[in-house]
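[1] Sequence unavailable; structure follows:
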Ligand code: PEP
């Protein structure tokens, strides 16, 4: 049985003050979350605050990105060992905003996935098609290419303790959500393509849905057999909405 993972991707949002209030709200309600594992991914600069406020709670934390490099002259980058200094459990790799706005290609994302694992972090690998790709009927081809780039780099067994987040680009931050049927179809495809390479890994792998998941639509998305949680952007910035999603996971 796969434990669903609900992870908040705060993106470049928050202040010290707002983050404290948000975490206070989440901590106050986390006792009602019985099934899901819960994590938040703040901006790098708030990791120390988050570590301090969440240590000793059941809520995990992680980062939104990491460098392909471990140290050196890479101005503005943050390395995996640095994330370990703040006890991050997860790190998001290949978010569509990183791919489209910051030019990360499949090879870079695969390297980040490998570096994260090599340093004891659990990568959350984001994949997903653009609206144009969906309309062209190449959703499966795009998602398969993005995942296979990682498998070719690290081997299929490395996916077993990782997480894949299927995030259709057209649904991220747009208020448009994939229907439960659309999402389930792609999740089943992903599990199927991995099962062709290793059935045990496919069974163990958690596949989150991301893309305008909110307090109103979470339950029917999370009820799908191959949806094992959610990567939540906008709705993770409101404690009540985020907790509603966490409770909807089981
Ligand atoms: C995301 O950026 O990972 C995301 C799913 O955002 P939103 O929930 O705001 O669509």
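    In hand now; what should we look at? Source: prediction; values computed, not measured.
[2] give the contact list for residue 41.
    7, 8, 9, 10, 61, 62, 63, 64, 90, 91, 92 (C-beta atoms under 8 Å, 6 or more residues apart in numbering). To be clear about C-beta, it is placed using only N, CA and C from the backbone, and glycine gets the same treatment.
[3] what about the second one, which SS state?
    Each residue gets one of three states, and residue 8 gets strand by DSSP: H, G, I helix; E, B strand; the rest coil.
[4] what bridges to it?
    For residue 8, the beta-bridge partners are residue 40, residue 232 (DSSP bridges).
[5] in terms of contact, does it touch residue 232 like I think?
    Yes - counting by C-beta atoms under 8 Å, residue 8 touches residue 232, with 5.3 Å between them.
[6] and for the two, which residues touch both?
    Common neighbours of residue 8 and residue 232, counting by C-beta under 8 Å, 6+ apart, are residue 242.
[7] and the residue lying farthest from the centre of the chain, how far is that from the ligand?
    Distance from the C-alpha centroid of the chain, by C-alpha atoms, centre = their mean, peaks at residue 73 (28.2 Å). Plainly put, residue 73 is 30 Å away from the ligand if you go by C-beta to the nearest ligand atom, to the nearest Å.
[8] what do you get for residue 7?
    In this view, residue 7 and the ligand are 9 Å apart by C-beta to the nearest ligand atom.
[9] Mind pulling the model confidence for that residue?
    Looking at residue 7, its pLDDT is 98.
[10] check contacts around it.
    38-41, 62, 90, 92, 124, 163, 165, 208, 229-232, 236.
[11] at 6 Å what do you get?
    39, 231 (C-beta atoms under 6 Å, 6 or more residues apart in numbering).
[12] Need the three-state assignment for the residue farthest from the centre of the chain.
    The local conformation at residue 73, judged by three-state DSSP, is coil.
[13] Now the phi/psi pair for it, please.
    Main-chain dihedrals, residue 73, degrees, to the nearest 10: phi -80, psi 80.
[14] now swap in residue 178 and tell me
    Backbone torsions for residue 178, taken as degrees, to the nearest 10, come to phi -60, psi 140.
[15] any idea how far it is from residue 170?
    9 Å (C-beta to C-beta, to the nearest Å).
[16] which of the two has more neighbours?
    residue 178 (25 against 19; other C-beta atoms under 10 Å).
[17] give the contact list for the more buried one.
    168, 171, 211.
[18] how close does it sit to the ligand?
    11 Å.
[19] What score does that residue have for pLDDT?
    Confidence at residue 178, expressed as pLDDT, is 91.
[20] so how far is residue 81 from it?
    For residue 178, the distance to residue 81 equals 36 Å [C-beta to C-beta].
[21] before we move on, what about residue 223?
    Residue 223 sits 39 Å away from residue 81, taking C-beta to C-beta as the criterion.
[22] Could you tell me the per-residue confidence at the residue farthest from the centre of the chain?
    98.
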